[in-house]
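**Q** I need the structure of the sequence given here:
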Amino acid sequence: LNRPDNRNSMTPDLLEAFARCVKRCGAEEGVRCVVVTGRGNCFCAGADFKGQLGARNQRDGEYQSPWEKSRYNVYGPFLSLLELRVPVVAAMNGHAVGGG
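**A** Got it, this is the predicted structure:
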């Protein structure tokens with residue numbers, strides 16, 4: 001998670017980037033372990049309420065990621081870690097609040 005200026009709070013862009021990273025880790029045969037951490041002094045402050053988290057769900061005709069179709073849309077990218085066949089380590093540096 002790389003938004004230290006906002007304590008790594010989650011935005012649609014962060015969630016999509018995280019999902020792409022998890023997918024890439026699952027596709028690479030050389031990956032033997034995944035370490036998830038947050039940049040700065042906070043792992044994750046949860047949802048970025050100043051941003052537009054979830055706003056993409058309300059637009060007609062716009063692409064929706066699979067996790068955006070459920071009420072657990074914020075957790076989908078993180079839950080996708082459970083599908084990896086390698087160990088996942090959470091290097092928790094500081095607070096983990098809300099969805100973090």
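
**Q** if I look at C21, how far off is K50?
**A** Using C-beta to C-beta, to the nearest Å, we find C21 at a distance of 24 Å from K50. Glycine gets a C-beta too; all of them are placed from N, C-alpha and C.

**Q** Neighbour count: those two, which is higher?
**A** In this view C21 and K50 are compared by other C-beta atoms under 10 Å, and C21 has more residues nearby, 15 against 9.

**Q** Confirm the more buried one sits in a helix?
**A** Yes - under DSSP: H, G, I helix; E, B strand; the rest coil, C21 falls within a helix.

**Q** Which helix or strand lies directly C-terminal to the least confident helix or strand in the chain by mean pLDDT?
**A** With mean pLDDT, DSSP states H and E as the measure, the helix or strand of the chain carrying the lowest mean pLDDT is helix 76-79 (a mean of 87). Next along the chain after helix 76-79, taking DSSP states H and E as the criterion, comes strand 88-91.

**Q** counting contacts, what elements does that following strand pack onto?
**A** strand 34-37 (3 or more C-beta pairs under 8 Å, 6 or more residues apart in numbering; DSSP states H and E).

**Q** what residues are up against T37?
**A** For T37, the contacting residues are 1, 43, 90-93, by C-beta atoms under 8 Å, 6 or more residues apart in numbering.

**Q** can you check N2 too?
**A** Contacts for N2 (C-beta under 8 Å, 6+ apart) come out as 8, 38-39.

**Q** got the residue ranges for the helices in this protein?
**A** 12-27, 76-79 (DSSP state H).

**Q** Show me the one in the contacts of N2 that has more neighbours than the rest.
**A** Neighbour counts for those (other C-beta under 10 Å) peak at N8, which has 27 neighbours.
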